[in-house]
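J.: could you work out the structure for the sequence below:
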Amino acid sequence: MPGRILIGTQGWNYTGWVGPFYPLGTRPAEFLPTYARAFRGVEVDSTFYATPAASAVRSWAGRTPRDFTFTLKMPQEITHERRLRNADDLLHEFLERARELGPKLGPILMQMGPDFGVDEWPALEKFIPRLPPDLRFAIEVRQRRWMQPNTLPNLLSLLTEHGIALALSDGKWIPRETMMELAERPTADFHYVRWMGPDREITDYSQIQFDRSAEIRAWADVFKNVANTIDVYGFFNNHFAGHSPANAREMQGLLGERPVDPKTLGPQTSLF
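T.: Sure thing, here's the model as predicted:
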C-alpha cells in the first residue's frame, strides 16, 4: 500500500507565530486547534522535559480533529540522565500516558544527546527489545561515529530487527548527504525526519531568516522516491530557517499537497 506523508512542525506554542501564522488576537489556548487546521500532525517537545499529566494529554486529543497525529519525545530522564539504563519504571509510566492519545498517537522519538556515543552500544542493545512492538519508535543519534562502517551495520541491524526507525536529522551533527542516503535503507515501515538547522542562536520565530529552499527541494525529491511504500513523518524546527510553519507549507506544496493559507485560519474556520 502507498505510504502517507505527514508534514508539520516541532511544537505549536510560539507567540512569535501570532500574525504571520496564527491570526492576530489568537490566544495561547487557541494555538493548538488553530494549528490543527493547517497541519495533520505535530511533534510534542514538552514531553522531553517531563511525562505529561493525563489531563494534559486528553486535552491535546480533545482539541484536535479525529485524524490528527501527535508524535512525542521520550523524556530526557530516560534518554539523557539514565542513558537508557534502569529506566523501566519511567518508560512504563510514559508509555501509559502516551496511550491516552489512542489512535492519535504517532511515533515516539528517542532523541539521544550529542554525548551518547558508540561506547554506549550495550545500553542501546538492551533497551531496544524492551519497547512494545505495538507502538512506533524512532531514535536520533547525534555523533558521526554511529555512521562509520564498523558501527552503522550493527545499528541498522538492531533497529531493523525491532522495527525502530533511524531518525533522519537535517542538523549540524551528521551530514545531510548521509541522512539522505539512509532514506534508501529504512529500518521500519516509516521514516521520521527532523529539520533542525545549523543555527541554534535564532530567537525570532516570526519570519524566515535563511533561505533553505534548496534543501527542502532536495528532501522532497527523496520523499517522492520512498513514500510509495512507507509512511513519512517530517517536522520542522524554528531553528531550521526561522519560522517553521512556512517551511512546512513549502514542503507540503512540493509534495503535491495544498498548503493552508494562514489568512484562512480564523477562529470560526473549519478545514476538516
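J.: in this structure, what helix or strand scores lowest on average pLDDT?
T.: helix 213-226 (a mean of 91; mean pLDDT, DSSP states H and E).
J.: give me the contact list for it.
T.: 3, 5, 170, 176, 180, 183-184, 186, 191, 193, 195, 232, 234, 247, 250-251, 254-255 (CB atoms under 8 Å, 6 or more residues apart in numbering). C-beta: built from backbone N, CA, C; applies to glycine.
J.: and it, how far out from the chain's middle?
T.: Averaging C-alpha positions (CA atoms, centre = their mean, to the nearest Å) puts helix 213-226 17 Å from its chain's average.
J.: then stretch 91-107?
T.: Relative to the mean C-alpha coordinate of its chain, stretch 91-107 is positioned 15 Å out (CA atoms, centre = their mean).
J.: mean confidence score for it?
T.: For stretch 91-107, mean pLDDT is 98.
J.: could I get the full set of strands for the chain?
T.: Applying DSSP state E to the chain gives strands spanning 5-10, 41-44, 69-73, 105-111, 137-140, 165-166, 168-170, 190-195, 231-236.
J.: how about those strands in CSV, adding distance to residue 20 and mean neighbour count?
T.: Below are the strands of the chain laid out as CSV (distance: least, CB to CB, whole Å; neighbours: other CB atoms under 10 Å):
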stretch, distance to residue 20, mean neighbour count
strand 5-10, 13, 25
strand 41-44, 18, 24
strand 69-73, 24, 22
strand 105-111, 26, 23
strand 137-140, 28, 24
strand 165-166, 32, 24
strand 168-170, 22, 23
strand 190-195, 18, 24
strand 231-236, 14, 25
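J.: select, out of the ones you listed, the one closest to residue 32.
T.: Residue 32 lies closest to strand 41-44 among the strands of the chain, at 8.0 Å (CB to CB).
J.: residues contacting the closest one, please?
T.: The set of residues external to strand 41-44 that reach it, using CB under 8 Å, 6+ apart, is 6-12, 35-36, 60, 68-73, 106, 109, 194, 233, 235.
J.: partner strands of it and their direction?
T.: Applying DSSP bridges, strand 41-44 is found paired with strand 5-10 (parallel), strand 69-73 (parallel).
J.: can I get those in CSV with distance to residue 143 and mean pLDDT?
T.: Shown next, in CSV, are these (distance: least, CB to CB, whole Å; pLDDT from 0 to 100):
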stretch, distance to residue 143, mean pLDDT
strand 5-10, 21, 96
strand 69-73, 19, 98
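J.: got CSV for those, with distance to residue 215 too?
T.: Converted to CSV, the strands paired with strand 41-44 look like this (distance: least, CB to CB, whole Å):
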stretch, distance to residue 215
strand 5-10, 14
strand 69-73, 21
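J.: how near is residue 94 to residue 17?
T.: 28 Å (CB to CB, to the nearest Å).
J.: quick check, residue 98 in contact with residue 108.
T.: Yes. Residue 98 is within contact range of residue 108, at 6.4 Å (criterion: CB atoms under 8 Å).
J.: overlap in contacts of the two?
T.: Joint contacts of residue 98 and residue 108 (CB under 8 Å, 6+ apart) are 72, 135.
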